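1. I'll drop the sequence and a predicted model, then ask my questions.
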There are 2 protein chains.
Amino acid sequence: MTPNPKQGEKSVPHPEVPARPCSVAAALHLVGERWALLAIREIFYGNQRFDRIVRNTGAPRDRLAARLRALEEAGVVERRAYSERPPRFEYHLTEAGRDLAPVLHALLTWGDRWAVDTPPVVFRHRGGPGAEHDLDLASSTCRTCGEEVGPEGLTIEVRAPGWDRAGPVEDS
Amino acid sequence: MTPNPKQGEKSVPHPEVPARPCSVAAALHLVGERWALLAIREIFYGNQRFDRIVRNTGAPRDRLAARLRALEEAGVVERRAYSERPPRFEYHLTEAGRDLAPVLHALLTWGDRWAVDTPPVVFRHRGGPGAEHDLDLASSTCRTCGEEVGPEGLTIEVRAPGWDRAGPVEDS
DNA sequence: CCATGAGAGTTGGAATTTCAAACCCACACA
DNA sequence: TGTGTGGGTTTGAAATTCCAACTCTCATGG
């Protein structure tokens, strides 16, 4: 999979360049495989445990396990034990992982416009109690207040019925 | 791809949603398959013919043909004849396709930082003859002039040796 | 007239990946 | 003692991908 697992050296003396050297391609090589970005989305949402990620992405368990391992190896996520005996881990984003926010934002914005009827998730600015303002995701600027909004002031509003930030709501 | 391309019904009468409704997932469903974004990158670079895209992305020809067809169907690219007899086409971006620029920018920026040693492609502001200023891709703002730069003022500087915007330079 | 070549794909297997479902294991709870 | 939960593996079949070779149409050159 990874051409140079360690970096710095190529085992293959491949003098021919097979494709354009490109950061987009390099990025996709690390995070562009199926399920990878959806797993990262879930971790952004705070769903850091394996089963949650499986449920919310719909990925096959084995694929997700493989992807998370690859992302760990790529330095995008980090596996942190939250229990010894039995060993249990949760996945956190590294700085590189958190730095993928603009990628997800761009995809979200595009998808909102071109890939869905009505946006299932909306990010808003929680100005005060009861006050929820529209947010420009690209600039993290509140359209009402005009000010920049940090993560604290941010509300994720899941509009899709039956779902919230953590996953499907159980309606036993 | 399509959740159930053939079988119109599930054996289980379970109207359960399999995964979180999400614009990111919807977007990836349309443009997240292998080679798709790289093909779009090439079209952005002005390489609109099949062979060019094949050469520059390194994608297998059959995959690329399939991907381009899917992208056309998704309304992201458009196939335009540039010759009858023999029928020849080139691929152009639709509005939806052009709207993917922020996605590619985000991936490029991330890749520049986390996936390559040194950026193989740099976007710059062509202020005047000989004047090339750094550009902040996220905001399309020139770091020197402080002004917004439209597509006309934009230079794509390919730094990878042996490559330019059109593809590998022939050195014979 | 014939050969060569470009452009844009198809085609035919073989090699990989992916999938879904079942299984496993260690523990908690009741 | 039995059931449930969390976090995965394993398995074998199904779907995708890869690659090289092939096709078809025309243009060009000798």
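-> Right, received. Where do you want to start?

2. up against DNA strand D, what does chain A have?
-> By C-beta under 7 Å from any atom of the strand, the residues of chain A that approach DNA strand D are A:49-52, A:61-62, A:65, A:68, A:82, A:86, A:88-90. The way it works is simple: take the backbone N, C-alpha and C, and place the C-beta from them, glycine included.

3. who's in contact with the residue nearest to residue A:26 when sequence neighbours are not counted?
-> Spatial nearest neighbour of residue A:26, chain neighbours left out: residue B:115 (3.6 Å); criterion: C-beta to C-beta, 6 or more residues apart in numbering or on different chains. Residue B:115 sits next to A:23, A:26-27, A:29-30 when contact means C-beta atoms under 8 Å, 6 or more residues apart in numbering or on different chains.

4. got the phi and psi for residue B:115?
-> Main-chain dihedrals, residue B:115, degrees, to the nearest 10: phi -120, psi -10.

5. and for the one 3 residues further on?
-> Comment: the main-chain dihedrals of residue B:118 come out as phi -140, psi 130, following degrees, to the nearest 10.

6. again, but for residue A:57
-> Taking degrees, to the nearest 10 as the convention, residue A:57 sits at phi -90, psi -30.

7. run a quick neighbour tally on the nearest residue to it once chain neighbours are set aside.
-> Nearest residue to residue A:57, sequence neighbours excluded (C-beta to C-beta, 6+ apart): residue A:38, at 4.3 Å. Residue A:38 sits with 23 neighbouring residues when counted by other C-beta atoms under 10 Å in any protein chain shown.

8. so residue A:38: helix, strand or coil?
-> Three-state call for residue A:38 (DSSP: H, G, I helix; E, B strand; the rest coil): helix.

9. and for the one 5 residues further on?
-> Residue A:43 falls in the helix class when you classify it by three-state DSSP.

10. just residue A:127 next, same as before
-> Assignment for residue A:127 (three-state DSSP): strand.

11. that one - how many residues pack around it?
-> Count around residue A:127 with other C-beta under 10 Å applied: 16.

12. my guess is it meets residue A:134, correct?
-> No. Judged on C-beta atoms under 8 Å, residue A:127 makes no contact with residue A:134 at a distance of 10.8 Å.

13. hey, what's in contact with both of these two?
-> A:142, A:144.

14. now residue A:119, nearest residue through space, not along the chain?
-> residue A:112 (4.4 Å).

15. got the phi/psi numbers for residue A:132?
-> phi -130, psi 120.
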